[in-house]
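**Q** Kindly generate the corresponding structure for this input.
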Amino acid sequence: MAKELHRANIDVTPAAVSQRRAQISPETFRDVFQRFNTSCEDSGNFRSYRLLAVDGTSVNIPHNPNAPSFVQNESVPNGYNQLHLNPFYDLCNKTFYDALIQSEPQKDEIGALIGMLKRNHFSEKTIIIAGRGYESYNVMAHLLEKPNTDFLIRIKQSRSSMREVARLPMFELDCDITFIITTT
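**A** The predicted structure follows:
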């Protein structure tokens, strides 16, 4: 940390940062993340598309029963602390495009993906590739509304709302229909 603080011309000790870290706003970390990403050269793509993968993972952190990340159940009576990381990972450039961290007990992968979609604007054609757990009509609606974005979501066939997708026939479903709309 001392080396990075020196490189950034920040005249404080690592101990001072550690002691005051609770006062650092989350926006500061997001700003550092974005500044780091702008220094990376994004040159890779797949047939003129940026490929962004999203899938959640759990990360163990030090034991603290008072933290919101504390998980305890019958199989683990002493409990543990975990965070849930939901990153957008650029497959061609091998960099993280965005990430959202949640405490494990309050994890919401669908909400995390929607949050990242809302705060990002895709200036180039992008394909979002999502793992299981992100499937929902709400996610699809947000992705369809996002300019320059196509998507591929892995879906369990037995998933409640997604069962209807598995029943669709394997041919083109678009067709023209004629109907009359009246007020009665």
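**Q** May I ask which helix or strand of the protein has the lowest mean pLDDT?
**A** helix 163-166 (a mean of 68; mean pLDDT, DSSP states H and E).
**Q** Tell me which strands the longest strand seen in the chain pairs with, and in which orientation.
**A** Criterion DSSP state E: the longest strand present in the chain is strand 76-90. When pairs are called by DSSP bridges, strand 76-90 turns out to pair with strand 50-54 (antiparallel), strand 57-61 (antiparallel), strand 70-73 (antiparallel), strand 95-103 (antiparallel).
**Q** Of all those, which one is nearest Ser25?
**A** strand 95-103 (14.5 Å; C-beta to C-beta). All C-beta atoms are positioned from the backbone trio N, CA, C, and that covers glycine.
**Q** For that closest one, buried residues please.
**A** Phe96, Tyr97, Asp98, Leu100, Gln102, Ser103 (16 or more other C-beta atoms under 10 Å).
**Q** Domain map for this protein?
**A** Per automatic domain parsing, the domain ranges recorded for the chain read 1-39, 41-166.
**Q** Return the most buried member of these.
**A** Comparing the domains of the chain by mean neighbour count (mean count of other C-beta atoms under 10 Å), domain 41-166 ranks first with a mean of 15.
**Q** That one: how far from the chain's middle?
**A** 4 Å (C-alpha atoms, centre = their mean, to the nearest Å).
**Q** Please apply the same query to stretch 40-50.
**A** With C-alpha atoms, centre = their mean, you get 19 Å for stretch 40-50.
**Q** mean confidence for it?
**A** The pLDDT scores in stretch 40-50 average 85.
**Q** Ends of that stretch, what's the gap?
**A** 15 Å (C-alpha to C-alpha, to the nearest Å).
**Q** for stretch 97-108, same thing?
**A** OK, stretch 97-108 end separation, C-alpha to C-alpha: 19 Å.
**Q** what's the helix or strand hosting Glu4 in contact with?
**A** Using DSSP states H and E, the element containing Glu4 is helix 2-7. Residues from elsewhere that reach helix 2-7 (C-beta atoms under 8 Å, 6 or more residues apart in numbering): Val12, Thr13, Pro14, Val17.
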